[in-house]
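>>> give the three-dimensional model of this entry:
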Amino acid sequence: MFYVYILYSEVRSKYYVGFTSNLEERLKKHNTNHSGFTGHTGDWQVVWTENFETKFEALKREKQIKSWKSKTLIRKLINAARSLNSGEEVI
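Numbering: from 1, shown residues only. Okay, the predicted model is just below:
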């Protein structure tokens, strides 16, 4: 199983899109002190996930979401998933 995920940092007010086969371990890595985009913040939280059977499918979806380059579209995706689950909304 592969996961496409969106992380959010309140400190940076930014989203990060990625994919992995081990979401828990990947989140730990994002929250370590390293030199990449997610480094030095430590407050990244998973706000959205989607599951895929193959790495190819997950990579394709990740690239699609990243191509949007729009915080508004990412928020719409997160809100659509949350409204199905609990009625929460991301502002």
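>>> so what does the helix or strand of the chain with the lowest mean pLDDT touch, helix or strand wise?
When the helices and strands of the chain are scored by mean pLDDT, DSSP states H and E, helix 71-85 comes last with a mean of 88. Contact analysis of helix 71-85 by 3 or more C-beta pairs under 8 Å, 6 or more residues apart in numbering; DSSP states H and E lists strand 2-9, strand 14-20, strand 45-52, helix 55-68 as its packing neighbours. Every residue, glycine included, has its C-beta placed from N, CA and C.
>>> in stretch 20-40, what counts as buried?
Residues of stretch 20-40 classed as buried under the neighbour-count rule (16 or more other C-beta atoms under 10 Å) are 20, 23, 26-27, 30-31, 38.
>>> between the residues you listed, which is nearest K60?
Within the buried residues of stretch 20-40, the smallest distance to K60 is 14.8 Å, found for T20 (C-beta to C-beta).
>>> partner residues bridging the closest one?
For T20, the residues forming beta bridges with it (DSSP bridges) are Y3.
>>> what's the pLDDT at it?
With respect to pLDDT, T20 has a value of 98.
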